[in-house]
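**Q** here is my input, please return the structure:
(one chain, ligands or ions: 1)
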Amino acid sequence: MGRSEDFSIDLVKTEDGTFTARSSSFDECYHSTKDGALNESLKKHVEPAFALLPKDKESVTILDICFGLGYNTLATLFYLKREKIFKSVKIVSPEFDEELVKSLPNFPYPDELHDFKEVIEAVSLYGRYESELIEVEVVFGDAREFLSRCELTFDIVYQDAFSPKKNPLLWTKEYFESLKKHLSKDAIVTTYSSATPVRMGMYECGLFLYNPPSKGVRSGTIASPSPFLPLEKIDMELKKLRNPAAAPLLDKDHQNR
Ligand SMILES: C[S@@+](CC[C@H](N)C(=O)[O-])C[C@H]1O[C@@H](n2cnc3c(N)ncnc32)[C@H](O)[C@@H]1O
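**A** Numbers count the residues shown, from 1 in each chain. Next up, the predicted model:
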C-alpha cells in the first residue's frame, strides 16, 4: 500500500514479516516484534473478541485504544471480509498523534490489508471513513478525555496502549473505572498485558478476568463485565493471597504521562 522510504518514523520488520514502527517519544515499538504486527492484531485482539461476541448481535461498536498505525482497525475489517460477516460495525479510536495518522497512507502495510487503502486514506485526511456497514472514526486527542465525554457503549475494546511502564495512565485503576462505564454487559476487552498491576486495576473495578485462547501469540488478558465467558477464569483472590503486595497502578503515582 505504501512505500517504506516515504515513511518518516523508524520501521521495524516483525517476525510474521509485517512492519511495525518504533516510537521515539515512548521508546517502544507499536507491536510485539516476536508476535508480529498483523499476527498480534488478529490473534490477540480481533479473533478472540469476535469469537466471544454473542452471535445474535446485529451491530458492533468497538473502541480501539489507540489508533497508532491502525492495524487493529484494519485487521478488524480484514477479518469481517474474510469471515463474510455482514454486520454494521462502528470503530472509534482515540489517538493524540495526529501527524502519525496523517502519514499512514505511506506506511508499508501487508498485502492482507491492501483492500482497505481507502479507509486509511480517508482517516488520514478527514479522521473518518464511512460505508454502508462500516464506520471508522479517529478522535484526535487524549484517550482519557475522550472517555470522560463519550456517550457510546462498546461491545469490544482493544486495549492496546504502549506498555504500562511507558504509558501508565492508560492502564490505571481510574482509567479502567472510566472505561467500564462504557462497556455493554457482555463486552470483551482484549489486551496483550498479563501484568499483575494491570489485572488488579481491571479486577478492582469489577471486571472478570480470563486467560485468552492465545494460539500463536504470547499470553495476555481478556476482561469483561460478564462472569460467563467460556474461558478459563483468572482467580484474582488467589493471586492476592499469594502476593499480598499486588496493587493496581494509580493515577496519583503517574502524573507525568
Ligand atoms: C501501541 S500503539 C497502538 C497500536 C495500534 N493499536 C495499532 O494496531 O497499530 C499506542 C498508541 O497510543 C497512542 N497514545 C498513547 N497515549 C495516548 C493518550 N493518552 N491518548 C491518545 N493516544 C495515546 C500513541 O500515540 C500510539 O499511537
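**Q** show me what from the protein comes close to the ligand.
**A** 30, 41, 66, 68-72, 94-97, 142-144, 160-162, 167, 170 (C-beta under 6 Å from any ligand atom). For every residue, glycine as well, the C-beta is placed using N, CA and C.
**Q** drop anything exposed from those.
**A** Those of these that meet the buried threshold are 30, 41, 66, 68-72, 94-95, 97, 143-144, 160-162, 167, 170, by 16 or more other C-beta atoms under 10 Å.
**Q** out of these, list just those in helices.
**A** Judged by DSSP state H, those include 71-72, 143-144 as members of helices.
**Q** Throw those residues into JSON lines and include distance to A223, thanks.
**A** Shown next, in JSON lines, are these (distance: C-beta to C-beta, whole Å):
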{"residue": "Y71", "distance to A223": "21"}
{"residue": "N72", "distance to A223": "16"}
{"residue": "A143", "distance to A223": "17"}
{"residue": "R144", "distance to A223": "18"}
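**Q** including pLDDT, could those residues go into TSV?
**A** As requested, those are exported to TSV (pLDDT from 0 to 100):
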residue	pLDDT
Y71	98
N72	98
A143	98
R144	98
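**Q** and which of those is nearest Y109?
**A** Nearest to Y109, judged by C-beta to C-beta, of those is Y71 at 8.2 Å.
**Q** that closest one contacts D35, correct?
**A** No: between Y71 and D35 there is no contact under C-beta atoms under 8 Å: 11.5 Å.
**Q** helix, strand or coil: sort out T33 for me.
**A** Three-state assignment for T33 (DSSP: H, G, I helix; E, B strand; the rest coil): coil.
**Q** which residues touch it?
**A** 12, 14-15, 20 (C-beta atoms under 8 Å, 6 or more residues apart in numbering).
**Q** from those residues, which land in strands?
**A** By the criterion of DSSP state E, membership of the contacts of T33 in strands covers 12, 20.
**Q** which of the contacts of T33 ranks first by neighbour count?
**A** Most neighbours among the contacts of T33, by other C-beta atoms under 10 Å: T20, with 23 neighbours.
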